[in-house]
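Asker: model the following, please.
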Amino acid sequence: MFAVVKLVILATMRTPAALCRRTIRNQCNRRRAAWARRMKEMEDLILAGDASPRTVATARAKHAALVAEEEQGWCHWPARPAAATAEEEVELTEAEKEVWARFNGTGF
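Answerer: Okay, the predicted model is just below:
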């Protein structure tokens, strides 16, 4: 009886969990390898003397962006200028006040 319970637990919990862990690990490894490949290609373009100045400038910009992305921990949120942020924040605050005023007494 105890062996049957162990077999059921193995089949319903441990095996799927192990498969999920393996899949996640493989995805991370694939992503890391792709990143390393892109970095290598960009470094090769930058170091090669036969590339056009425009290509080199583009490659350097992408390389700098990838390095910055890696340092930030894969943050994909775009950075906004401070002036635009302040204006948008004021507009957002006003819109939020209007919405709260409209739905204040409706039970939400």
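Asker: so what's Met1 up against?
Answerer: With contact set as CB atoms under 8 Å, 6 or more residues apart in numbering, Met1 has no partners. Quick note: C-beta positions are derived from backbone N, CA and C, even for glycine.
Asker: what is the least confident helix or strand in the protein?
Answerer: Every helix and strand of the chain was ranked by mean pLDDT, DSSP states H and E. The lowest is helix 53-72, at a mean of 74.
Asker: where's it relative to the chain centroid, distance-wise?
Answerer: How far helix 53-72 lies from its chain's middle: 17 Å, per CA atoms, centre = their mean, to the nearest Å.
Asker: count of neighbours near Lys62?
Answerer: Using other CB atoms under 10 Å, the number of residues around Lys62 comes to 16.
Asker: how close does it sit to Leu10?
Answerer: 47 Å (CB to CB, to the nearest Å).
Asker: give me the low-pLDDT residue ranges for this structure?
Answerer: 45-53, 55-56, 71-85, 107-108 (pLDDT under 70).
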